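Asker: sequence first, then the predicted structure:
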2 protein chains.
Amino acid sequence: MLTQNNTIDTYTNNNNTNNNDALIIPNHAMNTPMLFLSPNNNYHIDEITLGQYLFERLRQAGVKTIFGLPGDFNLVLLDNVYKVPGLQWCGNTNELNASYATDGYSRINPNKLGCLCTTFGVGELSAINGIAGSFSEHVGILHIVGTPSVSTRLKKLLVHHTLGNGDFDVFHKMAADISEYSVLLTDADIAAKEIDKCIRIAYIKQKPVYLGFPANLSSVTIPRSLLDIPLDMSLNTNNPAVENEIAKQSFDLICKTKNRIILADGCCIRHDVIKELNEIANITQFPIFVTPMGKSSLDEQNNPNFGGVYVGTMSSPDVKEFVENADLILSIGTILSDFSTGNFQYSYKTKNVIEFHSDYVKIKNAIFPDITMKYALQTLIQKLKNSKPVSINNAKIPIPQPIKTKSNLLSTSILRQEWVWEKLSHWFKAGDIIISETGTSAFGVLQTRFPKNCTSISQVLWGSVGYSMGSCLGASFARKDFFGGDAEAGSGRVIVFVGDGALQMTVQEISAIIKWGLKPYLFVMNNHGYTIDRILHSKNKHSKYRHETPNIAKIPPTYNDIQPWNIQKILPTFGAAEGEYENWKVELIGEFNEMLENPDFGIPNKLRLIEVLLPVMDGPVNLLRHVNTKNTAINNNS
Amino acid sequence: MLTQNNTIDTYTNNNNTNNNDALIIPNHAMNTPMLFLSPNNNYHIDEITLGQYLFERLRQAGVKTIFGLPGDFNLVLLDNVYKVPGLQWCGNTNELNASYATDGYSRINPNKLGCLCTTFGVGELSAINGIAGSFSEHVGILHIVGTPSVSTRLKKLLVHHTLGNGDFDVFHKMAADISEYSVLLTDADIAAKEIDKCIRIAYIKQKPVYLGFPANLSSVTIPRSLLDIPLDMSLNTNNPAVENEIAKQSFDLICKTKNRIILADGCCIRHDVIKELNEIANITQFPIFVTPMGKSSLDEQNNPNFGGVYVGTMSSPDVKEFVENADLILSIGTILSDFSTGNFQYSYKTKNVIEFHSDYVKIKNAIFPDITMKYALQTLIQKLKNSKPVSINNAKIPIPQPIKTKSNLLSTSILRQEWVWEKLSHWFKAGDIIISETGTSAFGVLQTRFPKNCTSISQVLWGSVGYSMGSCLGASFARKDFFGGDAEAGSGRVIVFVGDGALQMTVQEISAIIKWGLKPYLFVMNNHGYTIDRILHSKNKHSKYRHETPNIAKIPPTYNDIQPWNIQKILPTFGAAEGEYENWKVELIGEFNEMLENPDFGIPNKLRLIEVLLPVMDGPVNLLRHVNTKNTAINNNS
Ligand SMILES: Cc1ncc(C[n+]2csc(CCOP(=O)(O)OP(=O)(O)O)c2C)c(N)n1
Ligand SMILES: Cc1ncc(C[n+]2csc(CCOP(=O)(O)OP(=O)(O)O)c2C)c(N)n1
């Protein structure tokens, strides 16, 4: 039996408990002698430390980059990252940014998993807003927190990063509310099993899982052969009878109705049913719409049945009309939010709604609980295929088409968002990863149409400002880890749209982007402050500035002002070397067009920061239209 | 009766409930008609909105600057900040930084209170690490969170910044664990009372209080006359019999012992008993030591009885010896932490310990609960005064004196921390506010001796890296708000010591410092990464670099590396105007001395950033000595 510093006991110990409550600590824990071994322990060849086991398993689960920050309770654990071939440590500037990066990584990683490591108390709490975002938005991440050793906890020692009251559980308790599963390892005997369970749940549920890892457990050894047992990452199967019932009922409703539409929502992307979605769309030829979170689940430029983005009352009038007058809505990957339902004005006329949620199905008012969506959709597809001829769409109303902006704009006119988003639609390429920040950009991106295989990243429901820059780092890493090289071919670019206010929240994460030589496009939408709040709340006071060049001096000081930065200096300040980056600053329509039409600009061979100057009170068309509509819920600040 | 948008009801409503459970909502809440009034409502002159009431009360309680960020659930509330004369909105770059700033403000504000405003979910969670720090370190702050309206909550509407599961209580629940008191206002009838209660508790307990403020309540009106009732900010009084018992028992122990010392800890500063501490020190003439958190509670340069900083096993050997061999320890303002007790090696020999905690007293093993420290100390002072002659200190051991660094160092030698801290001792002036960051700086500052009336700010117990820059903003504001002007006289300077790693965590808050024309000294200790972690964990691997110039390339890559920044560019990037700031970069002893001896440099008439280049593996004397000591607890990573 090998025993390490402070360890509870080794896996090979006979004193096996079948105790599944990982918080209960076996009696022998306290009496293990502490042996101080030399730093490069030569473990028996059949053994592996628990710390290394954790990272080997993550690598097996398809994670290649780990995000986070060191701290004295996770240092020994982090040493193991360097022992696992194919695994790397990113290193972030702070924990909130790291959590955003992990979220972005998981969204792009084809294995749909990200991993964040922080230290007890100070580190984990700094990350908690990001984790809550991953929970809210269905993103699979494992959050590993290095904690004080089991004995420190038991003795309630006074230790830093605590509240000074001997309560070591408080942070874990907080995390539990925003995690699908959470555990603090205490018993080395079941630790390997717990680790596997955490990874599996994060993946299949696409939610955060919290794994507390006491400092003393990192170097406990367990049999290396445990690594040979394949991780079980299979989705839960459904009862075939229930699956058939769902398919039959759905099919019957389809046959009974005429103006049927498909509405693709966020869980299509997060729970990996894009293929199934597109197959259903193909077979049925129903008009198809996306919610803001569902954006990028299909080719929006070449699919003749694509009707646009449905955002409840914020939709363009023809989309609103079309969706709300449908007599059957087949909602796939449903996640509802006030944004995707337009501030609570969720107003389909029909009662015929079929909702495929990630883990349940709802047909009209009947709920089928605990259903794995992917398999239920596959059964529906079979049903649709076998039951030919499916009556195809026979509604006569034409599918909504995007509104064209006037093309006779003067190239010397100042840029406005109306033009920006219209023009960008044409600049996007198949495979691009398009990240938009909460603020006017999130609304603006909805005005664009994506080519095929794009991925949209936007925190539509959680809406934490500052998310985009961390996410950009994570997405860029995943692109590099899984889709190779530098995308010199000009596809698979990472493009972020961030407000000047949002930029200030997490700006330092650009430093990690530089450190790793990543080459996203950073579009900084500089409208001198928190424009979305100005538009939604102070619209009466400031609307006269809507068409003017940014001139913040005219507006009385408010909490929506921010300190003006020298945005062009950001990249060199964070260490970008001459020649490895490009700064742009555009204010006129002509300048913007010229930049986008420059073929060199389209090739992601450099890190590019593009400062787009915009009028203080300007916004994308959908947002301005929404604000001009009376009686909006936002106006009540509710 | 006036009723506003979405309000529950006004204070003047007859339907008064005596219900103290603010989460229970009166029945009439749901049926109030919504009236849309014009933006500049002319309330009855005797009435005031609840939003304005809140900020008027905070102003009365001695708060002049509010920190935080806007968000759609607090916009209406924040409009009220501008209506209160003498109150201003700072505006931060993100919520974590804002919480650090609030903490720093409260530490310097003579009224010992700070106020932070954030928005539901995303905002409040971003701040939670900072709030936990204020809890852990006894700092009085009110955290106001703008939440969705009462009716949105009751209907469990799908709304952004939620987890999408209808759970609106989760964030409040998290906050409760790190708050002395927390409440979500729901009943307008008792809201004013609740607000007063929150302010009082934050102040008298010197802990964070959480106040959830639903968006619809901001504009409910209540009688203006409520503002005339003085806020009760008086400390709780003690039972005189108990106070006398404490004084008598303490006095008796003092008389029975010989080698008595006073140990001043953090709550002296936080609970405002510095006057009492110094009086006791004066009367008794006992040798007096400070813990790291107690630093700055007395004049360390001119008090002949001052013996230095006691940090348990990390103390200088003579201090350790002196403290641990005392036969009576009179500990005032006790907060213990592993740092102030030297990693659990809390090893006084004597059992004669008297501990004055903020809200209880412990004499040997007896606990006197619920005691207001200030009054208990005043009674002890009376006892000491009346019972002359108090046998003064009669131990023969000389009080420890600071060790002098060799003065024959070459001015062309590279700087090392040993010299830096020694030299800074002489540069500090009475009244300076000295902030040190977790990392080597926090240890370094312990090596300095403070002139009188200095204030030390350092998160000794919580230890969240990045704290110092936010705190610097808050402290600078409080200095300006309460001690006037620009400190051109050269006293009352705000001086921060921040590691290059820590700087990266919260760097953008420098932008708020610039925006407000504040003029602290920002010493950036650039040792190319997380040196403290390198020293504590990787010491065997890297110790050979201890005496070398920073040359990170020689060290194999680890998680302790950071991206090198162009630190000299930071101020202009964040908008500092030419002539309003000064950049310094020092690497040699001579350069450092010359800078500090330059009289202009000593006058805080500009924002100054001083980059101090230091060897990668160098640290302050106490830290290096500690690491070289075998069997330290840190080495076990526990
Ligand atoms: C962490 C966090 N804090 C505050 C908010 C509230 N909020 C929503 S949008 C916004 C302003 C965004 O401004 P900017 O990034 O400049 O974008 P713009 O609307 O000007 O395009 C704020 C502060 C939030 N959603 N998240
Ligand atoms: C929020 C947070 N994250 C991580 C840590 C762990 N930690 C403690 S000290 C430190 C490194 C500080 O490095 P630096 O600021 O460069 O100071 P140095 O020790 O080099 O002087 C880290 C990462 C922490 N205490 N707080």
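Answerer: That came through, no problem. Ligands and ions are numbered 1, 2, ... in the order given.

Asker: can you check what pLDDT the model gives A:Asn40?
Answerer: Reading off the per-residue confidence, A:Asn40 sits at a pLDDT of 44.

Asker: next SSE after the lowest-mean-pLDDT helix or strand in chain A?
Answerer: Lowest on mean pLDDT, DSSP states H and E among the helices and strands of chain A sits helix A:539-542, with a mean of 52. Heading C-terminal from helix A:539-542, the first helix or strand you meet, by DSSP states H and E, is helix A:570-573.

Asker: tell me if that next one is near chain B.
Answerer: Yes: applying C-beta under 8 Å from any C-beta of the partner chain, one finds helix A:570-573 in contact with chain B at A:Ile570, A:Pro572, A:Thr573. Yep, even glycine has a C-beta here, placed from its N, CA and C like the rest.

Asker: A:Thr162 reaches A:Gly121, doesn't it?
Answerer: Yes: taking contacts as C-beta atoms under 8 Å, A:Thr162 lies within contact range of A:Gly121: 6.3 Å.

Asker: wouldn't A:Arg260 be in contact with A:Phe286 here?
Answerer: Yes: contact between A:Arg260 and A:Phe286 holds when scored by C-beta under 8 Å: they sit 5.0 Å apart.

Asker: low-confidence ranges, the stretch 151-300 of chain A, go.
Answerer: Counting by pLDDT under 70, the stretch 151-300 of chain A contains no low-confidence segment.

Asker: all strands of it, in order?
Answerer: All strands of the stretch 151-300 of chain A, identified by DSSP state E, counting those that start in this stretch, fall at A:181-184, A:208-214, A:221-223, A:260-264, A:288-290.

Asker: what's near enough to touch the nearest residue to A:Ser250 once chain neighbours are set aside?
Answerer: For A:Ser250, the nearest residue in space outside its immediate sequence neighbours is A:Ile354; the separation is 5.3 Å by C-beta to C-beta, 6 or more residues apart in numbering or on different chains. The neighbours of A:Ile354, taking C-beta atoms under 8 Å, 6 or more residues apart in numbering or on different chains as the test, are A:Ser250, A:Leu253, A:Leu328, A:Ile329, A:Leu330, A:Ser331, A:Val361, A:Lys362, A:Ile363, A:Lys364.

Asker: please apply the same query to A:Cys198.
Answerer: A:Leu142, A:Tyr181, A:Val183, A:Val209, A:Leu211.

Asker: what of A:His143?
Answerer: Contacts of A:His143 by C-beta under 8 Å, 6+ apart are A:99, A:102, A:115-118, A:124, A:127, A:131, A:175, A:179, A:208-211.

Asker: could you do A:Ala175 as well?
Answerer: Under the contact definition (C-beta under 8 Å, 6+ apart), the residues listed for A:Ala175 are A:Glu124, A:Ile128, A:Ile131, A:His143, A:Val145, A:Ser182, A:Tyr210.

Asker: go again with 7 Å.
Answerer: Taking C-beta atoms under 7 Å, 6 or more residues apart in numbering or on different chains as the criterion, A:Ala175 is in contact with A:Glu124, A:Ser182, A:Tyr210.

Asker: so where's the stretch 401-550 of chain A shaky on pLDDT?
Answerer: For the stretch 401-550 of chain A, the stretches with pLDDT under 70 are A:403, A:405-407, A:485-491, A:538-550.

Asker: let's see it at 90
Answerer: Counting by pLDDT under 90, the low-confidence segments of the stretch 401-550 of chain A come to A:401-410, A:483-492, A:536-550.

Asker: for it, which residues are neighbours of ligand 1?
Answerer: A:437-441, A:463-466, A:499-502, A:525, A:527, A:530-533 (C-beta under 6 Å from any ligand atom).

Asker: ok so, going back, go back to the contacts of A:Cys198 and keep what's next to chain B.
Answerer: Contacts with chain B are made by none of the contacts of A:Cys198, judged by C-beta under 7 Å from any C-beta of the partner chain.
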